[in-house]
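Undergrad: Using only what follows, build the 3D model:
(chains A and B)
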Amino acid sequence: MSTLHIVSTAPTAGTALADALRVAGAGDTLLLTGDGVYAAVAHAPGPSQLLREAAATGVQLYALLPDIDARGLAHRLHPGVRLVDDNGFVELTERCPRTASWF
Amino acid sequence: MRYALLVLAAPQSSAASQGALRFARAALARGHTVSRVFFYGEGVHNATALAVPPQDEVDTVAQWRDFALANGIELVVCIAAALRRGLLDEGERERYERTAANLDPAFVLSGLGQLAEAALESDRVITFGG
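TA: Numbers count the residues shown, from 1 in each chain, chains lettered A, B, ... in the order given. Presented below is the predicted three-dimensional model:
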């Protein structure tokens, strides 16, 4: 049963991203929201490494577009991260029977 | 599908409450039901009728109120979390002999059982915190 992991705090503010990816496995989905989207910035060394490893183990990576836009990050994203709007967020929760929020 | 939302953050401390509101609107737009939104911990600050946000900022409390009234959605506030943060309805004001009540009438105070019930009766429970 696949899980949607929602990370909503910045990678510099705590260990939410690392905690989520420690338990996320193949077939799971990660969605970055709120300040969590800062992890999706390309060249952020720590988060980029975590996201690369997650993608390699089969975790699908997404970031919430309105939160990316609110922070002006659209032009500098990690290439493995796909963008979804609020409608797409709901769609991800339809697809994943379980959700876990990390903050 | 039936959705229940859990909001754990105050409107002025992070984007979580606004995110929950946007999610709820999007869920309705996709044909889902949002049966209940439960406010717990610092999230109870979303239910105060006395907050006066600056004019150039979003009034999250008003947005929750309008959204709930327009769509018939229950906004439930954890009573224990509310009381200790000074958020009272008229009944609690009277019981504890305080000088004022400040719960917005679009919200109701209730127990954690309401969250458990929402989790049982919903297909999805989505938590917004941090």
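Undergrad: In contact with the residue lying closest to residue A:42 once chain neighbours are set aside, which residues?
TA: Sequence neighbours aside, residue A:78 is the residue nearest to residue A:42 in space, at 4.7 Å (criterion: Cβ to Cβ, 6 or more residues apart in numbering or on different chains). The C-beta positions use only the backbone N, C-alpha and C, and glycine is treated the same way. Shown in contact with residue A:78 (Cβ atoms under 8 Å, 6 or more residues apart in numbering or on different chains): A:40, A:41, A:42, A:47, A:48, A:51, A:61.
Undergrad: give the contact list for residue B:76.
TA: B:36, B:37, B:38, B:39, B:107, B:108, B:109, B:110, B:114, B:115, B:118.
Undergrad: circling back: please indicate which of the contacts of residue A:78 has the highest neighbour count?
TA: Within the contacts of residue A:78, residue A:40 tops the neighbour count with 29 neighbours, counted by other Cβ atoms under 10 Å in any protein chain shown.
Undergrad: What segments of the chain are strands?
TA: Assuming you mean chain A. Per DSSP state E, chain A has strands spanning A:3-7, A:29-32, A:60-64, A:82-84, A:98-102. These are given in chain order.
Undergrad: actually chain B
TA: Under DSSP E, chain B gives strands at B:2-7, B:33-39, B:74-78, B:107-110, B:124-128.
Undergrad: Could I get these in CSV, plus columns for mean pLDDT?
TA: Shown next, in CSV, are those (pLDDT from 0 to 100):
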stretch, mean pLDDT
strand B:2-7, 98
strand B:33-39, 97
strand B:74-78, 98
strand B:107-110, 98
strand B:124-128, 98
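Undergrad: what's around the closest residue to residue B:20 other than its chain neighbours, how many residues?
TA: In space, not counting the residues next to it along the chain, residue B:20 is nearest to residue B:128; the distance is 4.0 Å by Cβ to Cβ, 6+ apart. Residues lying near residue B:128 (other Cβ under 10 Å) number 28.
Undergrad: Name the residue of chain B that lies nearest to chain A.
TA: residue B:130 (2.4 Å; Cβ to the nearest Cβ).
Undergrad: What's opposite the residue nearest to residue B:20 in the beta bridge?
TA: residue B:7 (DSSP bridges).
Undergrad: how about the lowest-mean-pLDDT helix or strand in chain B: buried residues?
TA: None of the helices or strands of chain B scores lower by mean pLDDT, DSSP states H and E than helix B:113-121, at a mean of 94. Residues B:114, B:115, B:117, B:118 are the ones in helix B:113-121 that count as buried (16 or more other Cβ atoms under 10 Å in any protein chain shown).
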